[in-house]
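J.: The sequence and its predicted three-dimensional model are supplied below.
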Amino acid sequence: MRVFAAILALFVVGWPPGARAADQVTIAYIGGTADVGFYIADAKGYLRDEGIEAKFIVFDSSARMVAPLATGEVDVGSGAVGAGTYNAFERGITLRAVADKARNKGVYSYQGLMVRKDLWDSGAVRTLKDLKGRKFAMTAPGSNEWSVLNDTLQQGGLKMSDVETIILSMPQQVAAYASKAVDVSFLPEPFMSAAIKSGSAVKMTPVSSLRDDDVTGVIVYGQVFMKDRPDVARRVTKAYIRGLRDYVDALKDARLAGPGAEEVVDIIAKYSTVKDKDVLRSIVPHYVDPDGAVGVDSLKKDWAFFKSQELIRGDVTVDQLIDTSWVDRAVKELGPYKPKAK
């Protein structure tokens, strides 16, 4: 009878503290260094503190995350906003950009405008005007880098039709420099450092010098996740912001060299595709807003370019895509970011 009474009490008053099963959340990510906010949130137990058990699934592009986010197969996407995101929204696939992920800002420009080394050494390519007629490698049409390329060419008095674009993945671009199959591209870390180290390419200029505060990645929530599990989404956001803040604390002098940097390096090496800790210590890290605020101005520049190129078919705007309520609520609970002394 005593055993029965104890079991009955659990149903009446609820499970004891700590006994409740964790809420499972599926997070789609690329696997690069820019996914660090979730890496830290998982590794340091911030997600567990919020009663969340994360399941990470690797995707080879942000575009492939759209369908599973729409169906609820995936709850969270750590990717980027491209023309396809707006077109999906137009088709009724409601996704929301809820938090910052990665930017090129000031000295924290983790992407560079790269030029094949022999072209640089010979003086054939030294200015933006010299990009005319060159083969420019891109990862995907309708992405942020296309918009930044347009800005870059305009600064050199050129237009999109003045270059030949070739679609190649980032690892393929590094190899293509060596075989002289491409002339120019935007490469992020660690591929930028790999191309330089191999002697096949040089960094002409950081992307931040072409467009500062350029947003390259955001965190996206699917409509099913937000509608059916809003409290879980709230707790995920809070854990993610805590992870971002630890990462930002670790930034110093355009390197991972600030407070807690070694722990962050260890975590990135564990979770990402970049396993060499010496590489992680040497590369230029990305910037991200420690309160998770999305860079609206940069996204609007991309949107305007996509629209001008007729890559966006409908009338969905940036303001419709962004939902600041999640990070606003998380920051209210956590308080505004306060940097650690460096």
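T.: Noted; the coordinates are in hand. Everything quoted here is computed from the prediction, not taken from an experiment.
J.: Downstream of the helix or strand harbouring residue 236, the next helix or strand is which one?
T.: Under the assignment given by DSSP states H and E, the secondary-structure element containing residue 236 is helix 230-249. Along the chain past helix 230-249, the next helix or strand (assigned with DSSP H and E) turns out to be strand 251-252.
J.: neighbouring strands for that following strand, and are they parallel or not?
T.: strand 255-256 (antiparallel) (DSSP bridges).
J.: And the contacts of whatever helix or strand comes next after the strand it pairs with?
T.: Beyond strand 255-256 in the direction of the C-terminus, DSSP H and E gives the next helix or strand as helix 261-271. Contacts with helix 261-271, where a contact means Cβ atoms under 8 Å, 6 or more residues apart in numbering, come from 31, 33, 35-36, 39-40, 42-44, 56, 246-247, 250, 252, 255-256, 274-277, 280-281. In this view, the C-beta of every residue, glycine as well, is placed from N, C-alpha and C.
J.: and the following helix or strand past helix 261-271, what does it pack onto?
T.: Beyond helix 261-271 in the direction of the C-terminus, DSSP H and E gives the next helix or strand as helix 277-282. Of the remaining helices and strands, those touching helix 277-282 by 3 or more Cβ pairs under 8 Å, 6 or more residues apart in numbering; DSSP states H and E are strand 255-256, helix 261-271.
J.: let's see 10 Å
T.: The contact analysis (3 or more Cβ pairs under 10 Å, 6 or more residues apart in numbering; DSSP states H and E) places helix 277-282 against helix 191-198, strand 255-256, helix 261-271.
J.: Out of the ones you listed, which is closest to residue 233?
T.: Closest to residue 233 of the helices and strands packed on helix 277-282 is helix 261-271 (Cβ to Cβ; 21.5 Å).
J.: So which of the helices and strands packed on helix 277-282 is nearest residue 232?
T.: The closest approach between residue 232 and any of the helices and strands packed on helix 277-282, judged by Cβ to Cβ, belongs to helix 261-271 at 21.3 Å.
J.: Buried residues of that closest one, list them for me.
T.: 261, 264, 265, 267, 268, 269, 271 (16 or more other Cβ atoms under 10 Å).
J.: Any figure for the gap between the first one and residue 34?
T.: Distance of residue 261 to residue 34, computed by Cβ to Cβ, to the nearest Å: 16 Å.
J.: Identify the farthest-apart pair in the buried residues of helix 261-271.
T.: 261 and 271 (15.9 Å).
J.: ok, now which ones touch residue 109?
T.: Counting by Cβ atoms under 10 Å, 6 or more residues apart in numbering, residue 109 makes contact with 103, 188-189, 192, 203, 205-212, 214, 254, 284-287.
J.: I'm done for today, thanks for sticking with me.
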